[in-house]
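J.: Here is my input; please provide its structure:
(chains A and B)
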Number of protein chains: 2
Amino acid sequence: MTIKLWDLAGAEDNRRFSPHCWRIKMALRHKGLDVDEIPWRFTEKDAIAASGQGAVPVIEDQGQTLYDSWTIANYLDEAYPDRPLLFSGEEGKALTYFLKHWIERTLHAPFFRLIVLDIEKHLHDKDRKYFRESREKRLGKTLEAFAGDCDAVLAALRGALDPLRPVLAESAFLAGRSPGFADYLLIAEFQWARAVSAVQLLETGDPIYAWRERVMDLFGGFARRAVGYPV
Amino acid sequence: MTIKLWDLAGAEDNRRFSPHCWRIKMALRHKGLDVDEIPWRFTEKDAIAASGQGAVPVIEDQGQTLYDSWTIANYLDEAYPDRPLLFSGEEGKALTYFLKHWIERTLHAPFFRLIVLDIEKHLHDKDRKYFRESREKRLGKTLEAFAGDCDAVLAALRGALDPLRPVLAESAFLAGRSPGFADYLLIAEFQWARAVSAVQLLETGDPIYAWRERVMDLFGGFARRAVGYPV
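T.: Residues are numbered from 1 along each chain as shown, chains lettered A, B, ... in the order given. This next block holds a predicted model:
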């Protein structure tokens, strides 16, 4: 049976930029599950009302509606234990959960500052007012003030990525010799940026650059073929 | 056969404060291996000359001399695969390596700033001059200037610990339901502080506080029984 995924889209149906959805799109390929990725906009709250909240990813599978990327990833391993696992064990899962919170607290803001104005440019017209008003309210400042100086934010992001470099210099993937949900948490941030922004986040000699190439090559180049800018 | 570990000591032979040695002392208990922990001072470079460098931990086992806590932990799982493993698999190992680099880049400096002057007070006389001169050269400032304002550094440390809290609110240990090398990397920082300083690093309601209690209870309260200040 095909899983339904509501996936944030921009002005074009096939420009998909939500990092939280990217986590799940990669996870679904990892599991080898069929999926129908339904384009969804911020203001289409009715379409995902069955989830009881207003944010994507939302999936519908076997009569259940689920939201939240961590909940969904855990569900996929539990519901499809015979498919390749997203977590190889409880140690891997607990440490991937740490990585998730580190990404959200340390990387998410500099990524968002670098691309927030590019996101706005690529939004569907019906989302534009909602996006600016809701984000400016949450941030307590204008999007322009939040974005700040691009060069300084890029330098801060490259510095924030630092603890990943020794790992990816030694290991093909964050999950070891083969990829796992840890890798999809991180590639999701880069796919978010690449969907809307031409900014070159990584230098070619960076071990994270080589890792990103490897992850974009997975599943027949699924992440690389997504609509976005060259990296 | 008993493994020899050269372990940094203060003025008293039994005040052991090196965080890098604590990683290995916990790991050796986890493996259930016998160990002779030899008190060592910074200026006793000759005693560990067989390792080809000048820092502890250094171990001698089965005719081999090894240094560096990550190398030693990997050696212990390889040399003693039938004993409880420090890493449950390659996913756990890669993500523990990320945790190690995150701790060293994010936590180590605020811990050191909080306790550097207390470390100096507890040093053996023969180490005092070496410690201050080598650290001030490396830091490019006096120890007092590096230490700075204790309240501000404590607040910064508590903030830096933030990505650990949701993990330890859900999971007994960083490695899942049972402890692993990930837990020993973190407890080592707290044991470093506790050996020399009375500063209360954590509030009792903090999930990290409850985790620290659990880790100090392991192996018959090995970490708790170490010479140091109450937490």
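J.: Not counting residues beside it along the chain, what's closest to A:E170?
T.: Computed as Cβ to Cβ, 6 or more residues apart in numbering or on different chains, the closest residue to A:E170 that is not its neighbour in sequence is B:Y97, at 7.0 Å. Every residue, glycine included, has its C-beta placed from N, CA and C.
J.: Show the average pLDDT along whichever helix in chain A runs longest.
T.: The longest helix of chain A (DSSP state H) is helix A:207-225. The average of the pLDDT scores along helix A:207-225 is 98.
J.: Check the offset of that helix from the chain's centre.
T.: 14 Å (Cα atoms, centre = their mean, to the nearest Å).
J.: Say whether chain B is contacted by it.
T.: No: using Cβ under 8 Å from any Cβ of the partner chain, helix A:207-225 stays clear of chain B, with a minimum separation of 11.4 Å.
J.: Output that helix in CSV with nothing but the alpha carbons.
T.: C-alpha atoms of helix A:207-225 as CSV (Å, rounded to 0.1, in the frame of the first residue of the first chain):
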residue,chain,number,x,y,z
PRO,A,207,34.7,16.2,4.6
ILE,A,208,31.1,17.3,4.9
TYR,A,209,31.1,18.2,1.2
ALA,A,210,32.2,14.6,0.3
TRP,A,211,29.6,13.2,2.7
ARG,A,212,26.9,15.3,1.1
GLU,A,213,27.8,14.0,-2.4
ARG,A,214,27.5,10.4,-1.1
VAL,A,215,24.1,11.0,0.5
MET,A,216,22.8,12.8,-2.6
ASP,A,217,23.9,9.7,-4.6
LEU,A,218,21.8,7.4,-2.5
PHE,A,219,18.6,5.8,-3.9
GLY,A,220,19.5,6.6,-7.5
GLY,A,221,20.4,10.2,-6.8
PHE,A,222,17.0,11.0,-5.2
ALA,A,223,18.2,14.0,-3.3
ARG,A,224,20.4,15.3,-6.1
ARG,A,225,17.5,15.1,-8.7
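J.: which residues are in contact with it?
T.: Applying Cβ atoms under 8 Å, 6 or more residues apart in numbering or on different chains, the contact partners of helix A:207-225 are A:22, A:25-26, A:29-30, A:161, A:164-165, A:168-169, A:172-174, A:179, A:183, A:186-187, A:190-191, A:202-203, A:231.
J.: ok, and of the residues you listed, which contact chain B?
T.: A:L164, A:R165, A:F173, A:L174.
J.: Now, of the residues you listed, which are buried?
T.: A:L164, A:F173, A:L174 (16 or more other Cβ atoms under 10 Å in any protein chain shown).
J.: my guess is the last one contacts B:L95, does it?
T.: To tie it back to what came earlier, the one meant is A:L174. Yes: under the criterion of Cβ atoms under 8 Å, A:L174 makes contact with B:L95 at 6.7 Å.
J.: overlap in contacts of those two?
T.: Common neighbours of A:L174 and B:L95 (Cβ under 8 Å, 6+ apart) are A:L99, A:A182.
J.: the helices in chain A, which residues?
T.: A:19-31, A:69-79, A:90-102, A:108-122, A:125-139, A:143-147, A:150-160, A:165-170, A:181-196, A:207-225.
J.: Going by neighbour count, which residues of the longest one are buried?
T.: Yep, that's helix A:207-225 we're talking about. For helix A:207-225, by 16+ other Cβ under 10 Å, it's A:P207, A:I208, A:Y209, A:W211, A:R212, A:V215, A:M216, A:L218, A:F219, A:A223, A:R224.
J.: Among those, which one sits closest to B:D125?
T.: Of all the buried residues of helix A:207-225, B:D125 sits closest to A:P207, with 44.6 Å by Cβ to Cβ.
J.: how does chain A divide up, domain by domain?
T.: A:3-79, A:90-225 (automatic domain parsing).
J.: contacting residues around A:E136?
T.: A:T142, A:L143.
J.: got the residues of chain A near chain B?
T.: Near chain B, when you scan chain A using Cβ under 8 Å from any Cβ, you find A:87-99, A:101-102, A:105-106, A:162-167, A:170-171, A:173-177, A:180, A:182.
J.: Mark which of the residues you listed are buried, thanks.
T.: Here, 16+ other Cβ under 10 Å leaves A:87-88, A:90-99, A:101-102, A:106, A:163-164, A:166-167, A:171, A:173-176, A:180, A:182 buried among these.
J.: Surely A:I38 touches A:I3?
T.: No: A:I38 lies out of contact with A:I3 (Cβ under 8 Å); the separation is 10.8 Å.
J.: more crowded one of those two?
T.: A:I3 (21 against 17; other Cβ atoms under 10 Å in any protein chain shown).
J.: partner residues bridging that one?
T.: A:V35 (DSSP bridges).
J.: Check the spacing between it and chain B real quick.
T.: 24 Å (Cβ to the nearest Cβ, to the nearest Å).
J.: Quick check, that residue in contact with A:D36.
T.: Yes: applying Cβ under 8 Å, one finds A:I3 in contact with A:D36, separated by 7.3 Å.
J.: Can you list the neighbours in contact with stretch A:162-172?
T.: Stretch A:162-172 is touched from outside by A:174, A:177-178, A:186, A:206-208, A:210-211, A:214, B:90, B:94, B:97-98, B:101-102, B:105-106, with contacts defined as Cβ under 8 Å, 6+ apart.
J.: give me every residue that touches the closest residue to A:K121 other than its chain neighbours.
T.: With sequence-adjacent residues excluded and distances taken as Cβ to Cβ, 6+ apart, A:K121 is closest to A:V196, at 7.3 Å. Taking Cβ under 8 Å, 6+ apart, we find A:V196 in contact with A:G10, A:R15, A:F17, A:I115, A:D118, A:I119, A:K121, A:H122, A:G228, A:Y229.
J.: before we move on, the earlier item: between the longest helix of chain A and helix A:19-31, what angle do the directions make?
T.: Taking axes from the mean of the first three to the mean of the last three Cα atoms, to 10 degrees, helix A:207-225 and helix A:19-31 form an angle of 80 degrees between their directions.
J.: now the angle from helix A:207-225 to helix A:181-196?
T.: If you take the same axes, to 10 degrees, helix A:207-225 sits at 70 degrees to helix A:181-196.
J.: Next up, the contacts around the most centrally placed residue in chain A.
T.: The C-alpha lying nearest the average C-alpha coordinate of chain A belongs to A:P19 (Cα atoms, centre = their mean; 2.2 Å). Shown in contact with A:P19 (Cβ under 8 Å, 6+ apart): A:H108, A:F111, A:A188, A:E189, A:Q191, A:W192.
J.: ditto for A:E37
T.: Counted by Cβ under 8 Å, 6+ apart, A:E37 has contacts A:L5, A:D7, A:R16, A:K25.
J.: quick one: the first one and A:C21 touch, right?
T.: Yes: with contacts counted by Cβ under 8 Å, A:L5 reaches A:C21, the gap being 7.1 Å.
J.: got any residues that touch both of the two?
T.: Contact criterion Cβ under 8 Å, 6+ apart; residues shared by A:L5 and A:C21: A:P57.
J.: Those two: who's more crowded?
T.: Neighbour count, other Cβ under 10 Å: between A:L5 and A:C21, A:C21 has more, with 25 against 21.
J.: pretty sure the more buried one contacts A:L8?
T.: Yes: between A:C21 and A:L8 there is a contact at 5.7 Å, judged by Cβ under 8 Å.
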